[in-house]
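A.B. asks: Sharing a model prediction with you, sequence too.
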Amino acid sequence: IDQLAKENMRSDAFVSQWSPFNLNVDCIVNQFSILHEEIIKSKPGIRDCIGPRVALLRVLNRKAQYLFDYVDWDKKVGKWSTANIVHKCRHLIFYAIKLRAVNVVLFNTQFFPQLNEDEFTYPQSCQEIEIDRTSAKKIQTLDSDVLPLSPQNYHYQQLKQSIFGQMYNALRNISDEKLRQSTVFVMDAGQKRAFRVNFKGEGVSDYGGPYCQVFTDSITELQSPLLNLFIPTPNNKSEQGKNQGQLMVNPNFTLESDPTGSLCQALFRFIGQIIGIGVRSGIPLPLNVACTFWKPLVGDSLSQRDLEQVDIGTVKLLTELMTISKSDFNARYTGEDKHLTFTVYTHEKVEELIPNGKNINVTWENRHDYISLLLDYKLSEGFIEIEAIREGLSSIIPQDVLMMFTWQQLELTICGTPHIDIRILKENTVYEDVEPNEPHIIYFWQVLEEFNDDQRSKFLQFVWARTRLPATGLLMNFKIQKLRKEPADKYMPTTQTCFFSISLPPYTSLEITRKHLTYAISHCVDMDNDYLHAG
């Protein structure tokens, strides 16, 4: 109940932009009753407990907000250590209080560049990187089946030309310290940045839009088969169990040109740095990865329950072996072509759980050894890669910050909210040369309300070069301007992603508004309006 109430308060505070301490208790109780009607019905009297629990949570959090500065997370050992107690209770601490503590740490560890006298000139430390998006798009069309390359070399060619690979090559020699700058320059309309972006051969200028775009593009690449650094979970592949659309790090990622594995580890470390820079810059990253990715980053151990979220097939096998009778075991797993061995088939590769495991059968007597070895193997899968990601993330954001969050809160902080609440956009919108009660503006908001989550995500990409709203709230106001072209119904809306603005023709009907806006978000998601070839 505490966790559900706290999450309701976080959601309400996000939408209303109020502190969780100032939310109306009656409203919290009523919303809890609506969202969790089954709990209210199954446990009579629980509704009367919600108000007092909320009051208790507020008292706890008023005390806790002064505690974070004194916790030494490196000493999270011992049942009664301060760090361990706070870590165990962190699910009860308001997200807003954690963010306040996090912002203090981020400010204190930020790199402050030496500014130029001319405020319209970027400092030398804010380096410009060149990204060839045309080259990156070409490599996506190559077919690995017709290339005379091994899979490892094929992925290396993809990597070199991808936006992620170009970013890695451009930023790998910049110090961790300089990547921790998140300065807002006068030209950037409030967008924090660690570097500048030049899209090769394109006429777009980076006042924030291209900077956000490379983060979105690189994360999208990472989650496609293009680079093979992330792969579908077993549940995803088999279409069974929970979270079927999620990904995990590829524990078998290799490159022929990297026999020692140092480049592979550097790439995973760079993923962590991209995540950290995204957090410092206020750019949500649409990472669709399983809990087995997030939990190690906040110091949580994994269990069989977590394995079930990604590999229900293995969990079913473990459960069966724990409960099966001896006669059923012998009937099912004894005999030619039916026996189990001390091996595991994972990601198209057979691994031995013990030396010579492929020649050692699992028997009724030793099945518990097999269960333990298989579970340990599965829970440690990808550990080396996630450690490299954690190292990269910690080079941008101190490890202490990560330990404050639950894994769900860390995911929320990094990825933002997948559901885009139109109320938040409305309450943070300014109108320029147009009134909010004009017919075409009313049509515009009606269409956005009709959009599903995927369409709203595309709309945000169209107007702001990102696909999710930051969990910390909007960094700038959304601006609506009138596009003065006649006849209005023949023109498409235009946007300036750097300034989070849309120029909207005064359409004459809801149908025309829906038609043009739907077309725009579906066909102009990559700044097509900016594809003006320089020179």
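C.D. replies: Received it, and whenever you're ready, just let me know what you need.

A.B. asks: And stretch 450-464, what's buried?
C.D. replies: Neighbour-count burial for stretch 450-464 flags Phe451, Gln455, Arg456, Ser457, Lys458, Phe459, Leu460, Gln461, Phe462, Val463, Trp464 (criterion: 16 or more other Cβ atoms under 10 Å). Using the backbone N, CA and C atoms, a C-beta is placed for each residue, glycine as well.

A.B. asks: how about Thr513, what does it touch?
C.D. replies: Counting by Cβ atoms under 8 Å, 6 or more residues apart in numbering, Thr513 makes contact with His440, Tyr443, Phe444, Gln446, Val447, Tyr507.

A.B. asks: In terms of helix, strand or coil, where does Phe21 fall?
C.D. replies: Put simply, Phe21 is coil when judged by DSSP: H, G, I helix; E, B strand; the rest coil.

A.B. asks: pretty sure it contacts Arg62?
C.D. replies: Yes: if you go by Cβ atoms under 8 Å, Phe21 and Arg62 touch, sitting 7.5 Å apart.

A.B. asks: which one of the two has more residues nearby?
C.D. replies: Comparing Phe21 with Arg62 by other Cβ atoms under 10 Å, the one with more neighbours is Phe21, at 15 against 12.

A.B. asks: Excluding sequence neighbours, find me the nearest residue to the more buried one.
C.D. replies: Arg58 (5.8 Å; Cβ to Cβ, 6 or more residues apart in numbering).

A.B. asks: check which helix or strand covers the one you found.
C.D. replies: helix 46-64 (DSSP states H and E).

A.B. asks: ok, now Ala520?
C.D. replies: Going by DSSP H and E, Ala520 is part of helix 510-523.

A.B. asks: quick one, what contacts the nearest residue to Glu308 once chain neighbours are set aside?
C.D. replies: Of all residues not flanking Glu308 in the chain, Val315 sits nearest, at 4.6 Å (Cβ to Cβ, 6+ apart). Residues counted as contacts of Val315 (Cβ under 8 Å, 6+ apart) are Gln304, Leu307, Glu308.

A.B. asks: Quickly note the distance from the last one to Gln240.
C.D. replies: Think Glu308. Distance of Glu308 to Gln240, given as Cβ to Cβ, to the nearest Å: 11 Å.

A.B. asks: Compare neighbour counts for these two and give me the winner.
C.D. replies: Legend: neighbour count by other Cβ under 10 Å for Glu308 and Gln240, higher for Glu308 (18 against 13).

A.B. asks: residue contacts, that one?
C.D. replies: So Glu308 contacts Gly241, Lys242, Val315 (Cβ under 8 Å, 6+ apart).

A.B. asks: Assign the spatially closest residue to Lys349 that is not a sequence neighbour to helix, strand or coil.
C.D. replies: Nearest non-adjacent residue to Lys349, counting by Cβ to Cβ, 6+ apart: Asn252, 5.9 Å away. Secondary structure, three-state DSSP: Asn252 is coil.

A.B. asks: returning to that earlier point: number of residues surrounding the residue nearest to Phe21?
C.D. replies: By other Cβ under 10 Å, neighbour count at Arg58 equals 16.

A.B. asks: Report pLDDT for it.
C.D. replies: On pLDDT, Arg58 comes in at 88.

A.B. asks: Next, find the distance separating it from Asp2.
C.D. replies: From Arg58 across to Asp2, the span is 12 Å (Cβ to Cβ).

A.B. asks: Equivalent analysis for Arg468, please.
C.D. replies: 27 Å.

A.B. asks: And these two? Which one has more around it.
C.D. replies: Neighbour tally, Arg468 and Asp2, criterion other Cβ under 10 Å: the higher count belongs to Arg468, 22 against 14.

A.B. asks: For the more buried one, which non-adjacent residue is spatially closest?
C.D. replies: Gly416 (3.5 Å).

A.B. asks: next one: Arg332
C.D. replies: Arg332 sits nearest to Lys338 (Cβ to Cβ, 6+ apart), 6.9 Å away.

A.B. asks: Just say helix, strand or coil for the one you found.
C.D. replies: At Lys338 the chain is in coil, as set by three-state DSSP.

A.B. asks: Val214 versus that one, what's the distance?
C.D. replies: Distance from Lys338 to Val214, by Cβ to Cβ: 52 Å.

A.B. asks: Which of the two has more residues huddled nearby?
C.D. replies: Val214 (24 against 10).

A.B. asks: Spit out the contact partners of the more buried one.
C.D. replies: Neighbouring residues of Val214 by Cβ under 8 Å, 6+ apart: Ile131, Ile163, Met167, Val197.

A.B. asks: looking at the residues you listed, which has the most residues close by?
C.D. replies: Highest neighbour count within the contacts of Val214: Ile163, with 24 neighbours (other Cβ under 10 Å).

A.B. asks: got a list of what that residue touches?
C.D. replies: By Cβ under 8 Å, 6+ apart, Ile163 lies in contact with Ile131, Arg133, Ala136, Val214, Asp217, Ser218, Glu221.

A.B. asks: The residue nearest to Gln3 when sequence neighbours are not counted - how many residues pack around it?
C.D. replies: Nearest-residue entry for Gln3: His91, 5.8 Å, with adjacent residues in sequence omitted and distances by Cβ to Cβ, 6+ apart. By other Cβ under 10 Å, the residues close to His91 number 14.

A.B. asks: so His91 makes contact with Trp407?
C.D. replies: No: if you go by Cβ under 8 Å, His91 and Trp407 don't touch, sitting 10.1 Å apart.

A.B. asks: sec struct for the closest residue to Ile420 other than its chain neighbours, please.
C.D. replies: Excluding the flanking residues, the one nearest Ile420 by Cβ to Cβ, 6+ apart is Arg456, at 4.1 Å. Assigned with three-state DSSP, Arg456 falls in the helix class.

A.B. asks: Kindly tell me how buried Val430 is, as a neighbour count.
C.D. replies: Applying other Cβ under 10 Å, we find 12 residues neighbouring Val430.
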